[in-house]
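>>> Fold the following and give me the result.
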Amino acid sequence: MTLQNEHEIREIMEAYGKMQNAVQQAQNSGDPQQIQETQQKLQELQEKVQKAQGKATKSNDQSNMKLFDAQQRLEQYEQQMTRAQSNISAQQNNMK
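Predicted coordinates:
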């Protein structure tokens, strides 16, 4: 794997760590705007992971596993954000 790919994977893993906190904060806030912004960031990070996976396909297995695990967790976070947004919408509809 090239040094550039290692750097890219390191950056993705750092962003992934920050995303864990952002998802938790968005869920706790109950703010539809914050949830939507977090969903957008999740999608952007998922795209970066997918691109890095394409580059890392021919490289070492450890990097591939890290990226695969990150992709799986990001998809779970996306589902959490979708549920949180649905719950907020349902609460708002019940208040009407």
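
>>> Enumerate every residue touching Glu37.
Residues near Glu37 by Cβ atoms under 8 Å, 6 or more residues apart in numbering: Ala26. Where you see a C-beta, it was placed from the backbone N, CA and C, and this is true even at glycine.

>>> Check the gap between it and Asn64 for me.
Using Cβ to Cβ, to the nearest Å, Glu37 is found at 30 Å from Asn64.

>>> What is the neighbour count of Lys18?
11 (other Cβ atoms under 10 Å).

>>> What helix or strand is it located in?
Following DSSP states H and E, one finds Lys18 within helix 3-29.

>>> now Glu47
helix 32-56.

>>> other SSEs contacting the helix or strand just after that helix?
Next along the chain after helix 32-56, taking DSSP H and E as the criterion, comes helix 61-95. Here helix 61-95 touches helix 3-29, helix 32-56, going by 3 or more Cβ pairs under 8 Å, 6 or more residues apart in numbering; DSSP states H and E.

>>> List just the one of these that sits closest to Arg83.
Nearest to Arg83 among those is helix 3-29 (8.8 Å), distances taken as Cβ to Cβ.

>>> measure the residue nearest to Gln71 when sequence neighbours are not counted to Ile35 for me?
Closest residue in space to Gln71, ignoring its immediate chain neighbours: Val49 at 4.9 Å, by Cβ to Cβ, 6 or more residues apart in numbering. Distance of Val49 to Ile35, given as Cβ to Cβ: 21 Å.

>>> Perfect, I'm done here.
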